[in-house]
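J.: Predicted model and sequence below, questions to follow.
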There are 2 protein chains.
Amino acid sequence: MSTPAPPPALHPDVVSFAALLGTWRGEGRGEYPTIDSFGYDEEVTFGHVGKPFLAYGQRTWRQPDRFPLHAESGYVRLIDGVRAEMVLAHPTGITEVSEGSWDGLVLHLRSSTIGRSASAKEVTALERRFELDGDVLRYSVAMAAVGQPLTHHLAAELRRVV
Amino acid sequence: MSTPAPPPALHPDVVSFAALLGTWRGEGRGEYPTIDSFGYDEEVTFGHVGKPFLAYGQRTWRQPDRFPLHAESGYVRLIDGVRAEMVLAHPTGITEVSEGSWDGLVLHLRSSTIGRSASAKEVTALERRFELDGDVLRYSVAMAAVGQPLTHHLAAELRRVV
């Protein structure tokens, strides 16, 4: 293997995502009509390699014992500077293509395709809203699943740590 | 945040994936009827957090200048010890649910759902075959895309480095 190259410049297509880059940690709260509400710790990372997308990774942990709960990984793209596309894999056997808008502060996405493996739970739609407020990143997720309509599911407030 | 817990035990559902765990590096070759053939460097990682799935990450680089080429991230599950499910996000706006079998040496998967964002290339099917041979991991990928039928696309040989 050759020596690693120096960190690349952000690709022009995703320059307006620059403020999302980094690692974010905080706490969230989950609820859904079919489950007990719960609090969780979370870490979200947005990274890049100089290509026209950001890599996105997310992990959550149960409070207070830090047992791993959810995770997600994927990529975010920006088309023509305003149209946002997020593709995600969930370890529950779900894939998500979500599309929407980014105005520099709010990333608002709604699923256009949900893929499910044979053993996955019946998730049929997801809506995500990320809101950037300096070094604070808030998000909320609504989900339609197991016969429920699109319903608020998750909300968290994260602070930039790196 | 509390102190990180010690590394967890592998979840019983994915014990037969143990030999995949680690970081693998090597070289591959890509070809397709619509493009020039190319060589690439690659790194693949299979990890776990004690839950019933492995996390999978992949990156490739152009030879010899190490410009980033493709990436993928997602998860692999095993149902009833033999039925394998892989969910992946690709930074090209593609999601993939692939399902198949794992016999302890060969992981053979065929896409059951491909999701595509509005700007994604027209990929319609993927078939993946990973073959474990001690500290060597070989894989091949066939792809149906841009009007071509399922056709050999990628083959690589990786060696365990961690």
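T.: Alright, I've got the coordinates.

J.: Could you pull up the contacting residues of the closest residue to A:Ile79 other than its chain neighbours?
T.: Excluding the flanking residues, the one nearest A:Ile79 by CB to CB, 6 or more residues apart in numbering or on different chains is B:Ser119, at 5.0 Å. Just so you know, the C-beta spots here come from the backbone N, C-alpha and C atoms, and that holds for glycine as well. Neighbour list for B:Ser119: A:Arg77, A:Ile79, A:Arg83, A:Glu85, B:Gly93 [criterion: CB atoms under 8 Å, 6 or more residues apart in numbering or on different chains].

J.: Could you rerun that using 10 Å?
T.: A:Arg77, A:Leu78, A:Ile79, A:Asp80, A:Arg83, A:Glu85, A:Glu99, B:Thr92, B:Gly93 (CB atoms under 10 Å, 6 or more residues apart in numbering or on different chains).

J.: Going through these, which ones are buried?
T.: A:Arg77, A:Leu78, A:Ile79, A:Glu85, A:Glu99, B:Thr92, B:Gly93 (16 or more other CB atoms under 10 Å in any protein chain shown).

J.: Which ones among the contacts of B:Ser119 lie within strands?
T.: A:Arg77, A:Leu78, A:Ile79, A:Arg83, A:Glu85, A:Glu99 (DSSP state E).

J.: Now name the helix or strand holding the residue nearest to A:Ile79.
T.: For B:Ser119, there is no helix or strand it lies in under DSSP states H and E.

J.: Over to it: give its phi and psi.
T.: Phi and psi for B:Ser119, reported as degrees, to the nearest 10, are phi -100, psi 0.

J.: Local confidence estimate at it?
T.: Per-residue pLDDT puts B:Ser119 at 96.

J.: Correct me if wrong: A:Arg66 contacts A:Asp41.
T.: Yes: using CB atoms under 10 Å, A:Arg66 is in contact with A:Asp41, at 7.0 Å.

J.: Between the two, which is the more surrounded one?
T.: A:Asp41 (19 against 14; other CB atoms under 10 Å in any protein chain shown).

J.: Burial check on A:Leu137, number of neighbours?
T.: Neighbour tally, A:Leu137, other CB under 10 Å: 23.

J.: show me what contacts it?
T.: Here A:Leu137 is in contact with A:19-20, A:22, A:24-26, A:44, A:46, A:107, A:130-131, A:156-160 (CB under 10 Å, 6+ apart).

J.: now, which of these sits nearest chain B?
T.: Nearest to chain B among those, counting by CB to the nearest CB, is A:Arg25 at 7.0 Å.

J.: Got the confidence number for that closest one?
T.: 98.

J.: Surely it is in a helix?
T.: No: using DSSP: H, G, I helix; E, B strand; the rest coil, the assignment for A:Arg25 is strand, not a helix.

J.: so what's it bridging to?
T.: A:Glu43, A:Arg159 (DSSP bridges).

J.: Show me how to select, in PyMOL, the buried members of the contacts of A:Leu137.
T.: Provided next is the PyMOL selection string for whichever of the contacts of A:Leu137 are buried by 16+ other CB under 10 Å:
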select buried, chain A and resi 20+24+25+26+44+46+107+130+156+157+158+160
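
J.: How much space separates A:Asp103 from chain B?
T.: 18 Å (CB to the nearest CB, to the nearest Å).

J.: Was I right to think that residue contacts A:Ser16?
T.: Yes: contact criterion CB under 10 Å: A:Asp103 and A:Ser16 qualify, at 8.9 Å.

J.: Of the two, which one has the most company?
T.: Neighbour count, other CB under 10 Å: between A:Asp103 and A:Ser16, A:Ser16 has more, with 16 against 11.

J.: pretty sure the more buried one is touching A:Arg83, no?
T.: No: counting by CB under 10 Å, A:Ser16 sits too far from A:Arg83 to count as a contact (11.7 Å).

J.: what do these two both touch?
T.: Counting by CB under 10 Å, 6+ apart, the residues touching both A:Ser16 and A:Arg83 are A:Trp102.

J.: picking that back up, including pLDDT, could the buried ones among the contacts of B:Ser119 go into CSV?
T.: Output for these, formatted as CSV (pLDDT from 0 to 100):
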residue, pLDDT
A:Arg77, 98
A:Leu78, 97
A:Ile79, 96
A:Glu85, 98
A:Glu99, 98
B:Thr92, 97
B:Gly93, 98
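
J.: re earlier: tell me the two of the contacts of B:Ser119 that are most distant?
T.: Spanning the widest gap among the contacts of B:Ser119 are A:Asp80 and B:Thr92, at 16.8 Å by CB to CB.

J.: Can I take it that A:Asp13 is in a helix?
T.: Yes: A:Asp13: assigned to a helix according to three-state DSSP.

J.: Now the common contact residues for A:Asp103 and A:Ser16.
T.: A:Val82, A:Ala84.

J.: residues near A:Val136, how many?
T.: A:Val136: 13 neighbours (other CB under 10 Å).

J.: Quick check: bridge partners of it?
T.: Bridge pairing for A:Val136 - DSSP bridges - gives A:Asp133, A:Arg159.
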